[in-house]
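Visitor: Give me a 3D structure for the following:
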Amino acid sequence: MARTRAFLFAALATPAALLAAPVVAQASLTMLDTLTHGGWEVRSRDGGSVRKICVRTGRELIQLRHPDSTCNRFVVENSANETTVQYTCRGNGYGRTHIRKESDTLVQIDSQGIAGGKPFQFTAEARRTGGCD
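Guide: The predicted structure is shown next:
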């Protein structure tokens, strides 16, 4: 009976521990935390317009198609040189963004999802240009 209770407790506790782990892991985005803060230009690979943004935390690069939305984020990959984040913006779509760091002032971005009811997919290069305007 005691062995059965111990097994049952372990079986129930393990999923709870696994569910709690991602919340802790999402607090720090290793690569984004190392980017140089300031003004950045994001250039789409398809020759589209250049977008200027102010990078204060690096997280501004995650939701380029949902910049003003409050979204739930789930960190898929978090390493020294790459970050992948999947996010859902309730009532406003979702996205998945992969950012690869070349230096503290240059990153490559791949993102796809739904914004404004329409699908999007883009690749871009983001480069620090100076201070925020």
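Visitor: For this protein, which residues score under the pLDDT cut-off?
Guide: For the chain, the stretches with pLDDT under 70 are 1-27.
Visitor: can you map out the helices along it?
Guide: 2-25 (DSSP state H).
Visitor: tell me the phi and psi of Ala80?
Guide: Ala80 has phi and psi values of phi -70, psi -30 when expressed as degrees, to the nearest 10.
Visitor: give the contact list for it.
Guide: Contacts for Ala80 (CB atoms under 8 Å, 6 or more residues apart in numbering) come out as 30-31, 34, 101. Where you see a C-beta, it was placed from the backbone N, CA and C, and this is true even at glycine.
Visitor: how about Arg127, what does it touch?
Guide: Arg127 is in contact with 40-41, 43, 105-106, counting by CB under 8 Å, 6+ apart.
Visitor: Can you list the strands that the longest strand along the chain pairs with?
Guide: Counting residues, the longest strand found in the chain (DSSP state E) is strand 118-130. Counting by DSSP bridges, the strands paired with strand 118-130 are strand 38-44 (antiparallel), strand 106-115 (antiparallel).
Visitor: Ser28: neighbouring residues, count only.
Guide: 10 (other CB atoms under 10 Å).
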